[in-house]
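> Predicted model and sequence follow; I will ask about them next.
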Amino acid sequence: MQRTALYDTHKQLGARLIDFGGWEMPVMYSGITEEHVHTRTASSIFDVSHMGRLVFTGRDAEKLLDKVCTRNIAKLKVGRSGYSHVCNEQGGILDDVIVSRYEDRLLMVCNAGNRDKILAHLKTHSAGMVVDIKDTTKSTIMVAVQGPATMELFRSQLDKLPIKLDELKRYGFVTGSYFGVEFGIFRSGYTGEDGVEVVLPTMAGTLVWDKLTVDGGAERPTVKPAGLGARDTLRLEAGMPLYGHELNEQVDPLSAGCSWCVDIEGDYIGASALRTIHREGSARNLVGLELDGKRIARQGVKVLSGAREVGDVTSGTMSPTLEKSIAMAYVDRDLAETGSALGIDIRGTRVDAKVVKLPFYKRAD
């Protein structure tokens with residue numbers, strides 16, 4: 001398995017490590033629920049360096065990304081990031097990505113397990129174009145600092161950096177250099193909380209991690225490490241889809257509830273298929289489910305209407321914030337309306353559930 005530059009730090013902190021997309025990553029440190037609650041109430045730091053970071057330069061860089069992304073990349077302004085899907089010809093999702101526009105280049109962040117697939121896809125469709133694709137995944141680190149206390153903590157901890165975090169809007173980013181170390185700070189994340197994602201050279205990773213996690217004592221909350229387990233329960237509460245669960249090559253962006261990242265009139269791979277789905281409607285739609293009782297609906301269990309199978313669960317957990325059993329599932333479109341009464345088959349036992357509006361949790365602004 002591959003390891004990030006922060007692997008030794010995770011070991012020293014006693015993290016439980018697992019194989020995630022071919023990388024040895026921390027699933028938890030103190031405990032998933034504790035890390036989840038700390039993120040919702042204070043601030044946590046996540047190592048997300050396993051995610052692919054691909055840099056595009058050359059006169060056809062924008063042309064290539066407009067060809068493979070469902071979002072109109074040409075409309076993306078300097079200093080802004082945009083969530084998008086990369087699809088096959090049938091409209092199936094190869095990956096969900098975030099593209100950021102610099103003055104002289106474009107950056108794509110993709111999922112760890114899909115990096116090789118996306119690189120091959122880009123190589124195929126860049127034939128004849130003047131574009132250079134540089135994979136910086138292993139030469140940089142990426143950490144996410146998330147939670148309601150994050151922005152104030154970030155200002156106080158990194159007050160000497162030549163940037164103005166107060167002016168940074170959601171899905172905006174800034175870049176700079178500090179003592180010769182180049183950095184990028186992106187106001188984005190995958191938890192449903194405010195926060196930032198930071199990209200740095202690998203040599204600076206441990207120093208920045210250690211600085212950010214200095215004990216705050218009585219004066220301020222401490223940024224604590226959190227693993228992939230809490231990241232998963234946080235994103236599920238926030239109704240955010242995860243590749244390999246809600247998203248895959250047999251699912252299209254419209255059925256996944258992501259029409260907002262699709263330029264339906266665009267000219268990109270899969271556009272024709274998506275226009276057909278847009279016109280005719282999806283066979284199944286992604287919904288949120290709230291279950292009666294404390295049992296958890298795991299990925300793959302069946303959704304029922306009466307005795308009839310009408311869908312499949314994609315993700316489920318006991319929500320630490322809401323103290324309810326929640327799940328996301330694809331169900332037949334005529335049953336996707338909020339309030340629809342359904343059932344979940346958990347090991348042969350039917351558990352009542354109802355369709356609820358996503359997200360399950362939304363932070364107070």
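Nice, I can see it.

> which of the residues in the helix or strand bottoming out on mean pLDDT in the chain are buried?
Ranked by mean pLDDT, DSSP states H and E, the weakest helix or strand in the chain is helix 150-157, scoring a mean of 82. Residues Thr150, Met151, Leu153, Phe154, Gln157 are the ones in helix 150-157 that count as buried (16 or more other Cβ atoms under 10 Å). For the C-beta atoms, the positions are set from N, CA and C on the backbone; glycine is no exception.

> gap between it and the chain center?
Remark: helix 150-157 is offset 22 Å from the chain centroid, using Cα atoms, centre = their mean, to the nearest Å.

> after that helix comes which helix or strand?
Heading C-terminal from helix 150-157, the first helix or strand you meet, by DSSP states H and E, is strand 173-178.

> thinking again about what came up before, and of the buried residues of helix 150-157, the nearest to Trp23?
Proximity of the buried residues of helix 150-157 to Trp23 (Cβ to Cβ) peaks at Thr150, which lies at 24.3 Å.

> I'd say the closest one and Val198 touch.
No - counting by Cβ atoms under 8 Å, Thr150 does not reach Val198; the two are 11.0 Å apart.

> so where's this protein uncertain?
Counting by pLDDT under 70, the chain shows low-confidence ranges at 157-162.

> got a list of what the residue nearest the centre of it touches?
What sits nearest the mean C-alpha location of the chain, by Cα atoms, centre = their mean, is Tyr190, with 4.6 Å. Applying Cβ atoms under 8 Å, 6 or more residues apart in numbering, we find Tyr190 in contact with Ala144, Gln146, Arg231, Leu234, Arg235, Ala238, Met240.

> Can you lay out the residues you listed as a markdown table showing distance to Asp352, neighbour count and secondary structure?
As requested, these are exported to a markdown table (distance: Cβ to Cβ, whole Å; neighbours: other Cβ atoms under 10 Å; DSSP: H, G, I helix; E, B strand; the rest coil):
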| residue | distance to Asp352 | neighbour count | secondary structure |
| --- | --- | --- | --- |
| Ala144 | 36 | 24 | strand |
| Gln146 | 33 | 29 | strand |
| Arg231 | 29 | 27 | helix |
| Leu234 | 26 | 30 | helix |
| Arg235 | 25 | 20 | helix |
| Ala238 | 24 | 19 | coil |
| Met240 | 25 | 20 | coil |
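
> Which single one of those is nearest to Gly281?
Nearest to Gly281 among the contacts of Tyr190: Met240, at 23.7 Å, using Cβ to Cβ.

> and the residue nearest to the centre of the chain, that one's in a helix?
No - Tyr190: not assigned to a helix; according to DSSP: H, G, I helix; E, B strand; the rest coil it is coil.

> separation between it and Leu228?
11 Å (Cβ to Cβ, to the nearest Å).

> Go ahead and produce PDB holding the CA coordinates of the least confident helix or strand of the chain.
Extracted in PDB, the C-alpha atoms of helix 150-157 (Å, rounded to 0.1, in the frame of the first residue of the first chain):
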ATOM      1  CA  THR A 150     -11.600  26.600  12.000                       C
ATOM      2  CA  MET A 151     -11.500  30.000  10.400                       C
ATOM      3  CA  GLU A 152     -10.700  31.900  13.600                       C
ATOM      4  CA  LEU A 153      -8.200  29.300  14.600                       C
ATOM      5  CA  PHE A 154      -6.600  29.400  11.200                       C
ATOM      6  CA  ARG A 155      -6.200  33.200  11.400                       C
ATOM      7  CA  SER A 156      -4.600  33.100  14.800                       C
ATOM      8  CA  GLN A 157      -2.300  30.200  14.000                       C
END
